[in-house]
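Enquirer: Quick one: sequence and predicted model below, then my questions.
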Amino acid sequence: MELTNITGLKGQVTIPGDKSISHRSIMLGSIAKGITEVHNFLEGADCLATIECFRKLGIEIEKNQDTVVVHGKGLHGLTPPTDILDVGNSGTTTRLLAGILCGQEFDSKISGDESLNSRPMKRIMEPLTQMGANISSILRNDCAPLYITKGKLHGFHYDSPIASAQVKSCILLAGLYADGETSVTEPNLSRNHTELMLKEFGADLMSAHELTNTRTTASVRPCQELYGQKITVPGDISSAAYFIAAGLLVPDSEILIKDIGINPTRAGFLKVCEDMGGDIILQNEHFCGGERVADILVRTSNLHGITIEGSIIPTLIDEIPIIAVMAAMAEGTTIIRDAEELKVKETDRIETVTDNLKAMSCDVTPTFDGMIIEGGKPLLGATIHTLLDHRIAMAFSIAALVAEGTTNILDSDCVDVSYPSFYDTFELLL
Ligand SMILES: O=C(O)C1=C[C@@H](OP(=O)(O)O)[C@@H](O)[C@H](O)C1
Ligand SMILES: C=C(OP(=O)(O)O)C(=O)O
């Protein structure tokens, strides 16, 4: 995809459904009793992989336009898959599905693409094994393919060394099949979509803000059944982030982005935009199925560098590539630290972000847990090596809109993983 700089992005856009919530709607819908109707489901490759996995586990899932109907068969209604479960590029599918499969009576195997099969799975294998699960890495390298056989899960408390919603959710979902209470404490609060949705489905769950002892513990008790729900998935803040950044950076722009999920455990990006001096206004705030939603009005702004560290990091982890692009255009220095998790995403995002920013003539230094960006110098068009990482493709497409000359985004089709219509949305604003 070749892109050049532009001015004056104007108009109103809606953004496809949230990826994290779409995954969870299929998973919980499948193990709940009765029908779950999901509106504004994200038809990205990752979420479609989740649908295919649950179909292989015997669940009927109908898909028409943006509505998905899941015919849930109850907590113990999944049936043995006849084939390996292919999770494609999706870490979320892998780790949450593994939690559910550890509670089943049958054997299963999970595998994905080359990037997925190189991502760390010890982070779930270790606590699941402590719970009594039988889960192993087939190649004995602590990565997928994973092999799961019947175990006997017992209630368990896990002190997670990392703030990861995938680890937390995996343990809580396994906890639905345990013989007692299961709880997870994380060093900082990660996105709590699993906790919110489990509650909607009738689980006996206490989430972080309700427990007085610590803000970062969630616990679940076994229950008889979950019950199918009607879910409207809010627009994905991680996808909206590219258009918010475009609105802030592209001269003479004003964009209204409708119905975006702004769950505080997820929307750290909005605070960063404000702290950098961005002109952002939230309108029409309301709740939808336990999730906070708003319209976001953004106008071109002069940004300045800031330091981003500590407990905000898990609330914006997927937005760091686009934050880095904003930092390159902002006056002064931006420091990002405590973000070592970036190394184990679809690519090592410390490396892919800093390599590509350097290619665009930005003064950036990678560090062991983040990066230091000296902003304010013009970016120059370049060839961007996405390494098939969707977030890199989208973040550098925005950089291309404000860079001098032409930028060539290699393998730009990888946006299909989380936002197949990404380039079409742009057309609406030109
Ligand atoms: O739970 C989720 O839906 C996700 C959690 C995050 O991963 P970690 O839990 O590994 O940090 C995030 O990076 C990923 O895109 C989606
Ligand atoms: C890291 C991501 O997703 P996952 O871990 O589900 O592959 C992402 O979407 O940026």
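Expert: Now that the structure is in, tell me what you want to look at. Ligands and ions are numbered 1, 2, ... in the order given.
Enquirer: Flag every residue of the stretch 301-430 of the chain that's near ligand 1.
Expert: The stretch 301-430 of the chain has residues 317-318, 341 near ligand 1, with proximity defined as CB under 6 Å from any ligand atom. C-beta coordinates here come from the backbone N, C-alpha and C atoms, glycine included.
Enquirer: Near ligand 2, list only the ones from those.
Expert: Contacts with ligand 2 within these, counted by CB under 6 Å from any ligand atom: Asp318.
Enquirer: Which of the residues of the stretch 301-430 of the chain next to ligand 1 sits closest to Thr92?
Expert: Taking CB to CB as the measure, Thr92 lies nearest Asp318 of those, at 10.7 Å.
Enquirer: and the stretch 51-200 of the chain, which of its residues are near ligand 1?
Expert: Near ligand 1, when you scan the stretch 51-200 of the chain using CB under 6 Å from any ligand atom, you find 91-92, 164-166, 169, 190-191.
Enquirer: do that again at 5 Å, thanks
Expert: Within the stretch 51-200 of the chain, the positions near ligand 1 by CB under 5 Å from any ligand atom are 92, 164-166.
Enquirer: Greatest separation within the residues you listed: which pair is it?
Expert: Longest span within these, CB to CB: Thr92 and Ser164, 10.5 Å.
Enquirer: from the residues of the stretch 51-200 of the chain next to ligand 1, which is closest to ligand 2?
Expert: Using CB to the nearest ligand atom, Thr92 is the member of these that lies nearest ligand 2, at 3.4 Å.
Enquirer: which phi and psi does the closest one have?
Expert: phi -60, psi -50 (degrees, to the nearest 10).
Enquirer: before we move on, what about the one 4 residues further on?
Expert: Phi and psi for Leu96, reported as degrees, to the nearest 10, are phi -70, psi -40.
Enquirer: just the strands in the stretch 151-300 of the chain please.
Expert: For the stretch 151-300 of the chain, the strands defined by DSSP state E, counting those that start in this stretch cover 156-159, 182-185, 204-206, 217-221, 226-227, 230-232, 254-261, 279-288, 291-299.
Enquirer: Compare the mean pLDDT across the ones you listed and name the weakest.
Expert: Among the strands of the stretch 151-300 of the chain, strand 204-206 carries the lowest mean pLDDT, a mean of 91.
Enquirer: same for it, what does it pack against?
Expert: Judged by 3 or more CB pairs under 8 Å, 6 or more residues apart in numbering; DSSP states H and E, strand 204-206 is in contact with helix 193-200, strand 217-221.
Enquirer: Can you classify the closest residue to ligand 1 within the stretch 1-150 of the chain as helix, strand or coil?
Expert: In the stretch 1-150 of the chain, the residue found nearest to ligand 1 is Ser20; the distance is 3.2 Å by CB to the nearest ligand atom. For Ser20, the assignment made with DSSP: H, G, I helix; E, B strand; the rest coil gives helix.
Enquirer: I figured it was touching Arg191, is that so?
Expert: Yes - contact between Ser20 and Arg191 holds when scored by CB atoms under 8 Å: they sit 6.1 Å apart.
Enquirer: Mind listing the shared neighbours of the two?
Expert: 165, 266 (CB atoms under 8 Å, 6 or more residues apart in numbering).
Enquirer: got the phi/psi numbers for the nearest residue to Val415 once chain neighbours are set aside?
Expert: Spatial nearest neighbour of Val415, chain neighbours left out: Phe422 (4.4 Å); criterion: CB to CB, 6 or more residues apart in numbering. Main-chain torsions, Phe422, degrees, to the nearest 10: phi -50, psi -50.
Enquirer: and if you look at the one 5 residues further on?
Expert: Here the main-chain torsion angles of Glu427 (degrees, to the nearest 10) amount to phi -50, psi -30.
Enquirer: contact partners of stretch 341-354?
Expert: Under CB under 8 Å, 6+ apart, the answer for stretch 341-354 is 89, 91, 115, 119-120, 162, 164, 313-314, 317-318, 320-321, 324, 339, 364-367, 369-371, 385-392, 395, 417.
Enquirer: any low-confidence regions in the stretch 251-400 of the chain?
Expert: Within the stretch 251-400 of the chain, no range satisfies pLDDT under 70.
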